[in-house]
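1. below: sequence and its predicted model.
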Amino acid sequence: MSERLDTLSRVSDPHAGPHADRQAADEYIASLPEHAQAWMREFTDYVASHYPSVPYLMFRGRPMFKFEGTYLRGYVMFTAASKHFTAHAIDFDLIEQAKPRFPRASFGKGSIKTPFDDAAAEAPLREFVDAVMARHGVPRV
């Protein structure tokens with residue numbers, strides 16, 4: 001848990017203070033319905049623990065892991081709606097390649113939208129995150 005907190009305390013705005021993004025992320029996740037909180041915690045914890053070198057910050061009010069200095073160069077972001085969990089990335093071709101692994105999902109150019117009741121999507125989503133990180137040379141621990 002302390003490793004996650006250390007990862008979460010990195011911020012994108014040096015004037016915001018050491019815990020601004022962590023607090024905002026925790027508040028966002030706590031505001032979600034319980035089933036959405038579980039998915040968000042699963043995936044934000046997964047990235048924070050396996051890719052601690054990637055800053056965890058808030059972007060447009062949502063948790064994001066951004067690397068390479070600007071979101072236009074690479075990120076993984078998660079959002080939750082009433083019936084689905086969405087993983088976002090700028091790696092559009094990886095999303096296209098992943099489509100066959102998600103029979104119940106819907107897709108945007110930069111997103112995979114998975115129904116909350118599709119537990120079979122969890123492992124492929126983690127693999128998608130791993131593929132995005134590998135593409136950008138982010139080491140997995």
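-> Everything's here; your move.

2. what's the longest helix in this structure?
-> In the chain, assigned by DSSP state H, the helix with the most residues is helix 34-50.

3. what residues are up against residue 82?
-> residue 33 (CB atoms under 8 Å, 6 or more residues apart in numbering). For glycine as for every other residue, the C-beta is placed from the backbone atoms N, C-alpha and C.

4. tell me the SS of it?
-> coil (DSSP: H, G, I helix; E, B strand; the rest coil).

5. if I look at the residue lying closest to residue 72 once chain neighbours are set aside, how far off is residue 116?
-> Take residue 72 and drop its neighbours on the chain: the residue closest to it by CB to CB, 6 or more residues apart in numbering is residue 90, 6.9 Å away. Taking CB to CB, to the nearest Å as the criterion, residue 90 is separated from residue 116 by 24 Å.

6. could you do residue 41 as well?
-> Applying CB to CB, the value for residue 41 to residue 116 is 13 Å.

7. these two: who's more crowded?
-> The residue with more neighbours, out of residue 41 and residue 116, is residue 116; 17 against 14, by other CB atoms under 10 Å.

8. now that one: how far from residue 37?
-> Residue 116 is 11 Å from residue 37, by CB to CB.

9. can you give me the strands in this protein?
-> Taking DSSP state E to define them, one finds strands in the chain at 56-59, 62-66, 75-80, 84-89, 106-108, 111-115.

10. would you mark the buried spots in the first one?
-> Applying a neighbour-count criterion of 16 or more other CB atoms under 10 Å, the buried positions in strand 56-59 are 56-58.

11. equivalent analysis for the shortest one, please.
-> Applying a neighbour-count criterion of 16+ other CB under 10 Å, strand 106-108 contains no buried positions.
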